[in-house]
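Novice: the sequence and its predicted three-dimensional model are supplied below.
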Amino acid sequence: MKASVISGDIIASTHLTLNDREIIEKSLRGYFRHLTENYNCYCRLIKGDYIEIIVPEPSQGLRIALALKAYIKSIKISKITLARRDRMVDLYKKHGIRVALGYGELTTINREKGIIDGEAIYLTGRRLSEQSTHGYHERIVVKETLFFDSNHQELNIHMQPIISLLDVLLYKATPKQSQVLHYKLMNNSEKDISKKLRVVQSVINQHSTSVGWNAIESTVEYYEWLLRNMKL
């Protein structure tokens, strides 16, 4: 079967406090339930900081990948006071998570036994394995946190500049903007979001504009169109 696969690696997670790691893990497990119920996704968290999500409807892959990245950035963590830890935690606050979106065949999905196999999962795993964040003492620069890969060269050519631009937009998003972006990607209206966050709707609209929602929405719709209309 053709599917979109999302693999994610939370940045600098081992440098967060135990309490913060527990908050993130608990939040993710609740979020996974939402994706399972609303998109029939299969989600799993491995060793507390590595995520795999199978999206059965491939065209929804980019929407869910961006929503995941926005959701991670919106999770509140404590303020760290140790200087050497602050440098690593700052990477988490800026980037949140590396996300690789892949499109391709999956030969095996066994939800009960937790078995996934196929080219799509290999593509995303390979992209993330090429990235790393190490150590306290060296200067660490995270250049990219959003990736796309498939075995279709034409699709990759279409997606590469789009992914790069989206990466910049999400990097610049504040936690509040990320929270609004996540809800909008999950098809919530501004009126509904204002009720969830208990703020006036004009604030939601302002966050939407600042995060570049119109451009993000158009890009997600373009991805959906590509997967439905290209001969893949």
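Specialist: Here it is on my side, so go on.
Novice: quick check: which ranges of this structure have low pLDDT?
Specialist: Low-confidence segments of the chain, defined by pLDDT under 70, are located at 79-86, 132-142.
Novice: report the longest helix in it, please.
Specialist: Identified as the longest helix of the chain according to DSSP state H is helix 18-39.
Novice: any idea which helix or strand comes after that one?
Specialist: Using DSSP states H and E, the next helix or strand after helix 18-39 towards the C-terminus is strand 42-46.
Novice: and the angle for that next one with helix 18-39?
Specialist: Orientation of strand 42-46 against helix 18-39 (axes from the mean of the first three to the mean of the last three CA atoms, to 10 degrees) gives an angle of 170 degrees.
Novice: buried sites along strand 42-46?
Specialist: Buried residues in strand 42-46, counting neighbours by 16 or more other CB atoms under 10 Å, are found at 42-43, 45. (C-beta placed from N, C-alpha, C; glycine too.)
Novice: just give me the neighbour total for D192.
Specialist: Number of residues near D192 (other CB atoms under 10 Å) recorded here: 14.
Novice: and it, how far from I46?
Specialist: 32 Å (CB to CB, to the nearest Å).
Novice: how about the helices in the chain?
Specialist: Under DSSP H, the chain gives helices at 18-39, 61-74, 83-95, 119-129, 153-172, 175-185, 190-197, 201-211, 213-229.
Novice: buried residues of the fifth one, list them for me.
Specialist: Using 16+ other CB under 10 Å as the burial criterion, the residues of helix 153-172 that qualify are 155, 158-159, 162-163, 166-167, 169-171.
Novice: of these, closest to N205?
Specialist: Using CB to CB, the shortest approach to N205 within the buried residues of helix 153-172 belongs to L169, at 17.2 Å.
Novice: is it true that that closest one touches A215?
Specialist: Yes: with contact defined as CB atoms under 8 Å, L169 counts as touching A215 (7.1 Å).
Novice: thinking again about what came up before, and among the helices of the chain, the most buried is which?
Specialist: Each of those was given a mean neighbour count from mean count of other CB atoms under 10 Å, and the largest, a mean of 25, is that of helix 61-74.
Novice: which strands and helices lie in contact with it?
Specialist: If you count contacts as 3 or more CB pairs under 8 Å, 6 or more residues apart in numbering; DSSP states H and E, helix 61-74 packs onto strand 2-10, helix 18-39, strand 50-55, strand 97-105, helix 153-172, helix 175-185, helix 213-229.
Novice: quick one, which of those is nearest to Q131?
Specialist: Ranked by CB to CB, the member of these that lies closest to Q131 is strand 97-105, at 5.6 Å.
Novice: list the helices and strands that closest one packs on?
Specialist: Secondary elements touching strand 97-105 (3+ CB pairs under 8 Å, 6+ apart): strand 2-10, helix 61-74, helix 119-129, strand 146-150.
Novice: look at the residue lying closest to L35 once chain neighbours are set aside and say how many residues are nearby.
Specialist: Among residues not flanking L35 along the chain, C41 sits closest, at 4.1 Å (CB to CB, 6 or more residues apart in numbering). Burial of C41, expressed as a neighbour count using other CB under 10 Å, amounts to 21.
Novice: I'd guessed C41 sits against V55; true?
Specialist: Yes: in this structure C41 lies within contact range of V55 using CB under 8 Å: 5.6 Å.
Novice: shared neighbours of these two, anything?
Specialist: Overlap between the neighbourhoods of C41 and V55 consists of I64, taking contacts as CB atoms under 8 Å, 6 or more residues apart in numbering.
Novice: measure L165 to S7 for me?
Specialist: Using CB to CB, which is the criterion applied here, L165 is 21 Å from S7.
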